[in-house]
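Engineer: Just to be clear, the model below is a prediction. Sequence and coordinates:
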Amino acid sequence: MHCGHELNALDLIPLLSFVLLAGRCRYCKKKISWQYPIIELATAISFVLLAQNYGLRITDYGFLVNLVFICFLVVVAVYDFKHYLILDKVVFPAFVLSLIWNVYTGHLVSGLLGSALVAGFFGAQYIFSKGRWIGFGDVKLGLFLGSLFGVKLSLIMLLLAYLLGAVVGLSLLADGRKNLNSKLPFGVFLSASAIIMLIYGPRISDWYLRLIGFN
């Protein structure tokens, strides 16, 4: 980012390049942001947990498609964290891919209902608060997430996202880094919740429904 030098293959090995270069650019010797190894590690852990969940059947179409969805969600989370912005050029291709996957798996109706539910939920908040509570990017992200999970899993995904946001928000309030008027990039918590649900969604759903007596 400092010298603008084009990186070669040896500079781009996830995690390993950062370690071998001691966290500095090979060319200008400036420090490389810790953001890069953290993102690479989080993505790698997500991939490994997903593979484990599929019993290491890494040629399974579901596994491969969910890898792509995780990549979309990582981009959404990182960009929203840095810029408080959810990009249309990320969300809409992800939404289209989820629709295609729903057609392939026979879950199109469930996906459309999920999209209407999540995007509608965020849209109502956006209209009612005139954009103070939630950004319109979250409404568009809701189309993708609802399509990805359908109605039942979308509800649990939302609950988990709000719980994650509450824990982080209260922690930031407690140490003085945020106040009650501060904004939080909610796309980060939605993306984190969605990745968790992609990996453990049915298990979490079954556990929660048993907990509240509906299963």
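Structural biologist: Sure thing, it's come through. Values in this document were obtained by computation on a predicted structure and should not be read as measured data.

Engineer: how many other residues sit next to G62?
Structural biologist: 14 (other Cβ atoms under 10 Å). From N, CA and C alone the C-beta is placed, and that goes for glycine too.

Engineer: how about the residue most central in space within the chain, what does it touch?
Structural biologist: For the chain, S191 is the residue whose C-alpha lies nearest the centre (Cα atoms, centre = their mean; 2.0 Å). Counting by Cβ atoms under 8 Å, 6 or more residues apart in numbering, S191 makes contact with L73, V74, V76, A77, D80.

Engineer: What is the helix or strand that contains the fourth one packed up against?
Structural biologist: Read it as A77. Assigned by DSSP states H and E, A77 belongs to helix 61-83. Under the contact definition 3 or more Cβ pairs under 8 Å, 6 or more residues apart in numbering; DSSP states H and E, helix 61-83 sits against helix 35-53, helix 88-105, helix 136-174, helix 186-211.

Engineer: Worst mean pLDDT among those?
Structural biologist: Lowest mean pLDDT of the helices and strands packed on helix 61-83: helix 186-211, a mean of 90.

Engineer: what's the angle from it to helix 35-53?
Structural biologist: 30 degrees (axes from the mean of the first three to the mean of the last three Cα atoms, to 10 degrees).

Engineer: how is the protein carved up into domains?
Structural biologist: 1-32, 34-211 (automatic domain parsing).

Engineer: and the shortest one, which residues are buried?
Structural biologist: Residues of domain 1-32 classed as buried by neighbour count (16 or more other Cβ atoms under 10 Å): D11, S17, F18, C25, I32.

Engineer: Could you pick out which of the residues you listed are located in helices?
Structural biologist: For those, the ones inside helices are S17, F18, with DSSP state H as the criterion.

Engineer: For the buried residues of domain 1-32, give me CSV that also has distance to G213.
Structural biologist: Output for those, formatted as CSV (distance: Cβ to Cβ, whole Å):
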residue, distance to G213
D11, 54
S17, 51
F18, 48
C25, 57
I32, 51
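
Engineer: so V65 makes contact with W101?
Structural biologist: Yes. The criterion here is Cβ atoms under 8 Å, and V65 meets it with W101 at 5.5 Å.

Engineer: Give me the more crowded residue out of these two.
Structural biologist: Higher neighbour count among V65 and W101: W101, with 20 against 17, using other Cβ under 10 Å.

Engineer: contacting residues around stretch 100-113?
Structural biologist: With Cβ under 8 Å, 6+ apart as the test, stretch 100-113 has contacts from Y61, V65, S98, L99, G146, S147, L148, G150, V151.

Engineer: Can I get that stretch in PDB? Just the C-alpha atoms.
Structural biologist: Output in PDB follows, covering the C-alpha atoms of stretch 100-113 (Å, rounded to 0.1, in the frame of the first residue of the first chain):
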ATOM      1  CA  ILE A 100     -29.300 -19.700  -8.800                       C
ATOM      2  CA  TRP A 101     -28.300 -22.100  -6.100                       C
ATOM      3  CA  ASN A 102     -31.800 -22.100  -4.700                       C
ATOM      4  CA  VAL A 103     -33.200 -23.000  -8.100                       C
ATOM      5  CA  TYR A 104     -30.600 -25.900  -8.400                       C
ATOM      6  CA  THR A 105     -31.500 -27.200  -4.900                       C
ATOM      7  CA  GLY A 106     -35.200 -26.600  -5.200                       C
ATOM      8  CA  HIS A 107     -35.400 -24.000  -2.400                       C
ATOM      9  CA  LEU A 108     -36.400 -21.000  -4.500                       C
ATOM     10  CA  VAL A 109     -39.600 -20.200  -2.800                       C
ATOM     11  CA  SER A 110     -38.000 -20.500   0.600                       C
ATOM     12  CA  GLY A 111     -35.200 -18.300  -0.500                       C
ATOM     13  CA  LEU A 112     -37.500 -15.600  -1.800                       C
ATOM     14  CA  LEU A 113     -39.600 -15.700   1.300                       C
END
